[in-house]
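**Student:** What would the 3D arrangement of this be:
(one chain, ligands or ions: 1)
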Amino acid sequence: MSSKQKKLNRPDTAAPGETPGILFVVSSPSGGGKGTLVQRVLKQGNLSYSVSYTTRAPRNGEVEGREYFFVTPEEFDAMVTAGEFLEWAHVHGKLYGTSREQVFRDVREGRDIILEVDVQGAKSVRELVTDSVSIFILPPSIEILRQRLVARGTDSPEELELRLKNAPAELKHYKEFDYVIINDEVERAAGQLSCIIEAERAGRARQEPAIKQVVESFS
Ligand code: 5GP
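**Tutor:** Predicted coordinates:
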């Protein structure tokens, strides 16, 4: 596996007095359940989702522009050359990349955005956007991970084995994340993800412009 990205500075923050959006980065091994948890919090609204680009084929039920933008390796390479990715990486033999434009636009316009990326992507984003918030979703056991991947029924036997083979190496990165959610029970885990998002939104440093306005109105 290798990871590359064009070195970029943090997206220019919002207009004076406005609070920039928060960048939430969620990672887990394939089948760890991050997709389900992210869908739950997206339903609560007020959060956008970064739709990645990938060279892997769409799975049954996946829609262009909703789960991913599906591109050829040549199209992906052209986007890399043009500097269109905030980060990109080889994952399970395919290419995946995050649109720099979408992420920066949302953050600049004050919208919080959630990225689902692998551990290499999370590392790149943490380095580029130092006040991003990273969350690792930990499957409770390898047996449950296997069961979930089998139940999902979207991967060929070879892909499934590759994803299980890569899981231990991915898990070792949990220490690099700000938060870890053990995904043993979906309701509880989704609740925890939602609480993390709300707690980060309530952070004093992030709210400083808005707080200042309120405090000044008292004087
Ligand atoms: P899947 O093929 O199962 O949808 O995703 C495989 C892995 O690629 C998952 O760990 C997923 O989080 C990761 N991934 C999806 N989009 C991106 C991306 O834009 N960048 C990186 N680095 N990883 C991604």
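
**Student:** show me what contacts the closest residue to W88 other than its chain neighbours?
**Tutor:** Spatial nearest neighbour of W88, excluding adjacent residues (CB to CB, 6 or more residues apart in numbering): G97 at 3.3 Å. Where C-beta positions appear, they are placed from N, C-alpha and C, glycine not excepted. Residues near G97 by CB atoms under 8 Å, 6 or more residues apart in numbering: 52-54, 76, 79-80, 84-89.

**Student:** Just checking: what are the partner strands of the host helix or strand of G97?
**Tutor:** Using DSSP states H and E, G97 maps to strand 94-99. Partners of strand 94-99 in the sheet, by DSSP bridges, are strand 52-54 (antiparallel), strand 85-91 (antiparallel).

**Student:** Could you export these to TSV, including columns for mean neighbour count?
**Tutor:** Listed next are the strands paired with strand 94-99 as TSV, based on neighbours: other CB atoms under 10 Å:
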stretch	mean neighbour count
strand 52-54	20
strand 85-91	24
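
**Student:** So which of those strands is nearest R126?
**Tutor:** Of all the strands paired with strand 94-99, strand 85-91 sits nearest to R126, with 9.9 Å by CB to CB.

**Student:** before we move on, back to that, I'd like the distance between the residue nearest to W88 and N46.
**Tutor:** Per CB to CB, to the nearest Å, G97 is found 26 Å from N46.

**Student:** Run through the protein and note the low-pLDDT ranges.
**Tutor:** Along the chain, the model assigns pLDDT under 70 to residues 1-18.

**Student:** Break down it into its strands, ranges please.
**Tutor:** Counting by DSSP state E, the chain has strands at residues 3-4, 23-27, 48-49, 52-54, 68-70, 85-91, 94-99, 113-116, 133-138, 179-182.

**Student:** would you turn these into TSV with distance to C195?
**Tutor:** Listed next are the strands of the chain as TSV, based on distance: least, CB to CB, whole Å:
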stretch	distance to C195
strand 3-4	30
strand 23-27	13
strand 48-49	19
strand 52-54	25
strand 68-70	28
strand 85-91	26
strand 94-99	25
strand 113-116	14
strand 133-138	11
strand 179-182	10
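
**Student:** and the contacts of G97 near the ligand, which?
**Tutor:** Counting by CB under 6 Å from any ligand atom, 52, 87, 89 from these sit close to the ligand.

**Student:** if I pick the residue in the chain that the ligand sits nearest to, what's in contact with it?
**Tutor:** Closest residue of the chain to the ligand, CB to the nearest ligand atom: G121 (2.5 Å). For G121, the contacting residues are 3, 25, 27, 87-89, 96, 98, 115, by CB under 8 Å, 6+ apart.

**Student:** is it true that R206 touches I22?
**Tutor:** Yes: using CB atoms under 8 Å, R206 is in contact with I22, at 6.7 Å.
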